[in-house]
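# could you look at this predicted model? Sequence included:
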Amino acid sequence: MSQNQRQIEIIGCPVDLGAGRRGVDMGPSAIRVADLERHLERLGHKVTDHGDIDVMIPETLEVGPSTIRYKPAILRACDELRLEVERSLAEGRTPIVLGGDHSLGIGSVSGSSNHYHRLGKQIGLIWFDAHGDFNTPETTPSGNVHGMSLAVLHGLGDPDFVNLGGRAPKMDPRHTVLIGVRDLDPGERDLLRRSGITAFTIREIDERGMRDIVNESIRVAGTGTAGIHLSFDLDVVDPEDAPGTGTPVDGGISYREAHLAMEMIGDLADIVSVDLVEVNPLLDHRNATGILAVEMAESLFGKRIL
């Protein structure tokens, strides 16, 4: 589909149960306040805002096991999100999921994967993140589910999460790319090395440049697939440009590297669904990170300098 003919649907997922710091549940509102819908409509897209799915708040819940905190509520939110993404795709739309912490990726990617599986196809996955998100309950130092989401999608971890929607694994590691990683826990490092996923650390971006990394990522995720789910954690960007994230790590990709990546992916890849996650307004400066999330969506969906 041409970039200027998309039917885009915004779906908010205000979940902060999977993170270690409060406030990321306000991320969807921060991105909306930065006028995501209006900016995408200016690019020629027809945009519908579905609103937010219902997510329980921590004050009403028990934490549960220390190795997988708030599991029932996160599982419920991810399943609802999965169903909404499946519906949106079945209606011919491109869903953009606003987070919320990255545990929501379990639901959004499951929805995209299941939709195309019913059509006899599979999708690729490009996952921008400072972290590996490849822990399991056995390796996690925190018990936070947002650090397990990518592992879950590849069949590792808690069985209820792994089998969400009735099939597992959701992703083939041969079509998954992790970009910008620079902070890994020891146990997830070992799992990630053995996973078969293509992972580009921040050092490789420094050495090779974002252009080469994105070209190879599109080849890995796009070859032999029906399209690509793009999951963009704002903490992949350096905290100087994205201060409003719960787990910032110094030395991230630059503002221009982030835009270049989105512009190239928009030009060269078939994006079927998107996540914009980990925007935490409580930690932000004048909504800079919410604005950056909107700018990433603009570059992905057609905004160009000339």
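Everything's here; your move.
# the stretch 1-150 of the chain: strands as residue ranges?
Secondary structure of the stretch 1-150 of the chain (DSSP state E, counting those that start in this stretch): strands at 7-13, 46-52, 94-99, 124-128.
# would you turn those into a markdown table with distance to V294, mean neighbour count and mean pLDDT?
Every residue, glycine included, has its C-beta placed from N, CA and C. Shown next, in a markdown table, are the strands of the stretch 1-150 of the chain (distance: least, C-beta to C-beta, whole Å; neighbours: other C-beta atoms under 10 Å; pLDDT from 0 to 100):
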| stretch | distance to V294 | mean neighbour count | mean pLDDT |
| --- | --- | --- | --- |
| strand 7-13 | 11 | 24 | 98 |
| strand 46-52 | 12 | 15 | 98 |
| strand 94-99 | 10 | 28 | 98 |
| strand 124-128 | 16 | 28 | 99 |
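# ok, A168 - contacts?
G155, V162 (C-beta atoms under 8 Å, 6 or more residues apart in numbering).
# apply 10 Å and report the result again.
S110, S113, V152, L153, H154, G155, L156, P159, F161, V162 (C-beta atoms under 10 Å, 6 or more residues apart in numbering).
# what do you get for P28?
Each residue near P28 by C-beta under 10 Å, 6+ apart is listed here: 10-15, 36, 49, 51-53, 97-100, 276-277, 279, 290, 293.
# swap in 7 Å and give it another go.
Applying C-beta atoms under 7 Å, 6 or more residues apart in numbering to P28 gives the contacts G12, C13, P14, D52, L98, G100.
# same question for T176.
Applying C-beta under 7 Å, 6+ apart, the residues near T176 are L125, W127, I197, T198, A221.
# give me the beta-bridge partners of it?
Taking DSSP bridges as the rule, T176 bridges to L125.
# thought I228 was touching Y116?
No. Under the criterion of C-beta atoms under 7 Å, I228 makes no contact with Y116, lying 10.9 Å away.
# common neighbours of these two, please.
I123.
# re earlier: and the strands of the stretch 1-150 of the chain as a markdown table, adding distance to G180?
A markdown table is the format used below for the strands of the stretch 1-150 of the chain (distance: least, C-beta to C-beta, whole Å):
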| stretch | distance to G180 |
| --- | --- |
| strand 7-13 | 22 |
| strand 46-52 | 27 |
| strand 94-99 | 17 |
| strand 124-128 | 5 |
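# is the residue positioned nearest the centre of the chain in a helix, a strand, or coil?
Residue closest to the mean C-alpha point of the chain, counted by C-alpha atoms, centre = their mean, is S231 at 2.7 Å. When classified by DSSP: H, G, I helix; E, B strand; the rest coil, S231 comes out as strand.
# hey, what's the nearest residue to it once chain neighbours are set aside bridged with?
Distances taken as C-beta to C-beta, 6 or more residues apart in numbering put D275 closest to S231, at 4.2 Å, once the chain neighbours are dropped. Taking DSSP bridges as the rule, D275 bridges to V97, S231.
# pLDDT at D275, what is it?
D275 is assigned 99 on the pLDDT scale.
# surely it touches S103?
No. The criterion here is C-beta under 7 Å, and D275 misses it with S103 at 10.9 Å.
# A90 versus D233, what's the distance?
For D233, the distance to A90 equals 27 Å [C-beta to C-beta, to the nearest Å].
# in stretch 129-141, which residues are buried?
Neighbour-count burial for stretch 129-141 flags D129, A130, H131, G132, D133, F134, N135, T136, P137, T139, T140 (criterion: 16 or more other C-beta atoms under 10 Å).
# so the third one sits right up against M148, yeah?
Going back to what we said before, that points to H131. No. At 10.6 Å, H131 does not count as touching M148 under the criterion of C-beta under 7 Å.
# mind showing which ranges of this structure have poor pLDDT?
1-4 (pLDDT under 70).
# hmm, back to that, which one of the contacts of A168 is nearest T247?
V152 (18.0 Å; C-beta to C-beta).
# and that closest one, what does it touch?
V152 neighbours (C-beta under 7 Å, 6+ apart): I106, F161, V162.
# how far away is the spatially closest residue to the last one that is not a sequence neighbour from L306?
It stands for V162. Leaving aside its chain neighbours, V162 sits nearest to A168 (4.8 Å; criterion: C-beta to C-beta, 6+ apart). Distance from A168 to L306, counting by C-beta to C-beta: 45 Å.
# likewise A73?
From A73 to L306 the distance is 47 Å (C-beta to C-beta).
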